[in-house]
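Undergrad: sharing a sequence plus its predicted fold:
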Amino acid sequence: MNAEELELLGDSKYRNYVAAVDKALKNFEYSSEWADLISALGKLNKVLQNNAKYQVVPKKLTIGKRLAQCLHPALPSGVHRKALETYEIIFKIIGPKRLAKDLFLYSSGLFPLLSNAAMSVKPVLLGLYETYYLPLGKTLKPGLQGLLTGVLPGLEEGSEYYDRLDRMKTVLCSLYHD
């Protein structure tokens, strides 16, 4: 926990937020099938959205792990899309500076997804990269290799997303050479 989060613990509403996140995370422990995961993600999304006034996400390490688990290739695209929705909610809440600081927490699940993603998931994933990752600029450098490794499998000639991924690759390579 950083100083900002410790200071927020003095706020009873923030403590309620932390408790609500804990409760939402418990739902993942009792998930036995993919529909349970979608439900657990929905509950977590609701808690995050209801507390968006705080620019901090409590239990971010556990949330990052759960989201990465929800992007496992064996799970159906519905779970992947719901997890990507959660990532977007988090990225909107925390903003670019906190995302750059916590890049490793949220990227471990996202970066390997593209090569195994269903067609309905790919545009959403690419949208997250374009909207939240590319604007990080030089602060993206620690995660640059992971992102490039995740994007390269999608650069197949004739691919529906080839042009989009090629533009992304060009931006990422320019960061690498700066």
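TA: Alright, I've got the coordinates. Residues are numbered from 1 along each chain as shown.
Undergrad: any buried residues in whichever strand or helix holds residue 66, and which?
TA: Here residue 66 sits within helix 60-70, counting by DSSP states H and E. For helix 60-70, burial by neighbour count (16 or more other C-beta atoms under 10 Å) applies to 60, 63-68, 70. Glycine gets a C-beta too; all of them are placed from N, C-alpha and C.
Undergrad: tell me the one of the residues you listed nearest residue 152?
TA: residue 68 (19.9 Å; C-beta to C-beta).
Undergrad: wait, doesn't the closest one sit right on residue 109?
TA: Yes - contact criterion C-beta atoms under 8 Å: residue 68 and residue 109 qualify, at 2.9 Å.
Undergrad: using PDB, write out every CA atom in stretch 138-152.
TA: Output of stretch 138-152 as PDB, limited to C-alpha atoms (Å, rounded to 0.1, in the frame of the first residue of the first chain):
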ATOM      1  CA  LYS A 138       8.100   6.600 -22.800                       C
ATOM      2  CA  THR A 139       6.500   5.400 -19.500                       C
ATOM      3  CA  LEU A 140       5.500   2.200 -21.400                       C
ATOM      4  CA  LYS A 141       9.100   1.200 -21.900                       C
ATOM      5  CA  PRO A 142       9.300  -1.300 -19.000                       C
ATOM      6  CA  GLY A 143       6.400  -3.200 -20.700                       C
ATOM      7  CA  LEU A 144       7.400  -2.600 -24.300                       C
ATOM      8  CA  GLN A 145       8.900  -6.000 -25.000                       C
ATOM      9  CA  GLY A 146       5.900  -7.800 -23.500                       C
ATOM     10  CA  LEU A 147       3.500  -5.700 -25.600                       C
ATOM     11  CA  LEU A 148       5.500  -6.100 -28.800                       C
ATOM     12  CA  THR A 149       5.600  -9.900 -28.200                       C
ATOM     13  CA  GLY A 150       1.900  -9.900 -27.700                       C
ATOM     14  CA  VAL A 151       1.100  -7.800 -30.800                       C
ATOM     15  CA  LEU A 152       3.500  -9.500 -33.300                       C
END
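Undergrad: that's all I had, so thanks and see you.
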